[in-house]
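[1] Need the 3D shape of this:
(one chain, ligands or ions: 1)
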Amino acid sequence: MKNRKLLMIPGPTPVLREIQDEMGRETVAFGDSHFVADFQQLIDDLKELWSCDGMAFVVAASGTFAMEMAVVNNLKQGDRLLIVSNGFFGDRFIEIAKKKGYEFDVISAPWGKVVSPEEVQAQLENREYDAVTVTHVDTSTGAVAPIREIGKVVNKYPDTLYIVDGVCSVAGEPVDMTKDHIDVLFSGSQKAFGVAPGLALLWAGKKSLARRETLPDVIEYYADYKKWAPVMDDTKKYFATPAVNMTWAMKKSVDIIKAEGLENRYERHKRNAQAMRAALEAMGFTLLADPSCRAVTLSNPIYPKGVEDLAFRSELERQGVQVAGGLGAYAGKMFRIGHMGNVDEHELAATVCAIEKTMHKLLPGYELGKGITAFLKSLCTE
Ligand SMILES: Cc1ncc(COP(=O)(O)O)c(C=O)c1O
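    This is a model prediction of the structure:
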């Protein structure tokens, strides 16, 4: 008999049966009164949980769409954007900025490290910007940016909006729009929310909604706040057909988050991340992210000498665990493993054991048990 396949890539993450059941429900009209109420509840909860003083948007799309929505409603052609990039997904804003005709500067950190608030401060003193983008957790490196400290810096410049990519962080890493001075936060359903891919989530604070009012009409049709705002204000209204079943799945995920409590959820992510990192290091991997900035949502382990990427990932998949490959210069040298959302300790322990079996097969002399011992010690002594 084959092992059940464990989805341990950094998104999509495992989807709980109760969330899957929402996707499997009989679809109703988007004007159905029960659906309208559920959708409204979801919007209200999203605003409250992440302290948004403006509006939350739930739109059928992926995280990349949310990146686009975040900039086009806050910047016009020729506006100045400061891109704070800690890796592959931070750099995606460069491509977007070029296409949109923004004037932009980039401050980058070497992969595995993050740009400091002081560097952001120095750049903002140097030049005026209409907005700053920061990737909270760059999935290519597993490093977490100090968004609160950067928020304090950006907040000193009232005409500069602070846009945070929370695709790989929201619902796993602590983030609070009010305390972190964030004007636009966005995410996707498929990572720390533990829902299947398909929904873009965006929170626009008051300042961002006001900025949209000052822009000439945006040329993007589906991404325009103004098209969606009436729906998010009153979910009976129609602009474009909402993803009814995905919206229910998202609502279930948020109900689970409320029942767990955000602080408990953050603590659980921290505990699991520590145990997973301890296991990976004990098994001979080196983590790409600097110890000062390791994310709790995923880890990016570099292979020890003698372990080849494709052989490792295909043997691990044969053992029943899927992980993702490295990106950019780390392709072939590293893999990426998610430990976020509703993944539980059983799944994490099984994953560590499958990695041990893979190492045993690929690396002569590998001593079995180092990883799971470190994992259990970390969990049981925390
Ligand atoms: C930090 C970050 N931003 C943006 C994206 C893009 O999201 P999507 O693949 O859902 O379009 C990803 C995807 O992994 C991501 O990790």
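
[2] thought Met23 was touching Thr247?
    No. Contact criterion C-beta atoms under 8 Å: Met23 and Thr247 do not qualify, at 10.1 Å. Where you see a C-beta, it was placed from the backbone N, CA and C, and this is true even at glycine.

[3] list the buried ones in the longest helix anywhere in the chain?
    Looking across the chain with DSSP state H, the single longest helix is helix 262-282. Within helix 262-282, the residues scored as buried using 16 or more other C-beta atoms under 10 Å are 265-266, 268-269, 272-282.

[4] One more: stretch 325-339?
    For stretch 325-339, the buried set under the neighbour-count rule, 16+ other C-beta under 10 Å, comprises Gly325, Gly326, Leu327, Tyr330, Met334, Phe335, Arg336, Ile337, Gly338, His339.

[5] and the residue of the stretch 1-150 of the chain nearest the ligand?
    Of all residues in the stretch 1-150 of the chain, Gly63 sits closest to the ligand, at 2.5 Å by C-beta to the nearest ligand atom.

[6] who's in contact with that residue?
    Asp165, Val167, Phe186, Ser187, Gly188, Gln190, Ala200 (C-beta atoms under 8 Å, 6 or more residues apart in numbering).

[7] most neighbours, which of the residues you listed?
    Asp165 (30 neighbours; other C-beta atoms under 10 Å).

[8] Specify the local secondary structure of the most centrally placed residue in the chain.
    Centroid-nearest residue in the chain, with C-alpha atoms, centre = their mean: Cys168, separated by 1.4 Å. Per DSSP: H, G, I helix; E, B strand; the rest coil, the secondary structure class of Cys168 is coil.

[9] Quick check: it touching Val137?
    Yes. Contact between Cys168 and Val137 holds when scored by C-beta under 8 Å: they sit 4.2 Å apart.

[10] Which residue is the nearest non-sequential neighbour of Cys229?
    Small correction: residue 229 is Ala, not Cys. Met55 (6.2 Å; C-beta to C-beta, 6 or more residues apart in numbering).

[11] Tell me if I'm right that the one you found and Met232 touch.
    Yes. Using C-beta under 8 Å, Met55 is in contact with Met232, at 5.5 Å.

[12] Please name the bridge partners of Val134.
    For Val134, the beta-bridge assignment (DSSP bridges) gives partners Val84, Val164.

[13] Show the contacting residues for it.
    Listed by C-beta under 8 Å, 6+ apart, the contact partners of Val134 are Val84, Gly90, Val115, Ala145, Ile147, Ile150, Tyr162, Ile163, Val164, Asp165.

[14] re the thing from before, mind listing which of the contacts of Gly63 are in strands?
    Counting by DSSP state E, the contacts of Gly63 place Asp165, Phe186, Ser187, Gly188, Ala200 in strands.

[15] still on that earlier bit, make TSV out of the contacts of Val134 and add pLDDT.
    Compiled in TSV, the contacts of Val134 are given as follows (pLDDT from 0 to 100):
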residue	pLDDT
Val84	98
Gly90	98
Val115	98
Ala145	98
Ile147	98
Ile150	98
Tyr162	99
Ile163	99
Val164	99
Asp165	98
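
[16] If we check the ligand, which of those are in contact?
    Subset of the contacts of Val134 in contact with the ligand: Asp165, counting by C-beta under 6 Å from any ligand atom.

[17] List the contacts of Gln123.
    Contacts for Gln123 (C-beta under 8 Å, 6+ apart) come out as Leu82, Asp105, Ile107.

[18] which bits of the stretch 151-300 of the chain sit near the ligand?
    Counting by C-beta under 6 Å from any ligand atom, the stretch 151-300 of the chain sits next to the ligand at Asp165, Val167, Cys168, Gly188.
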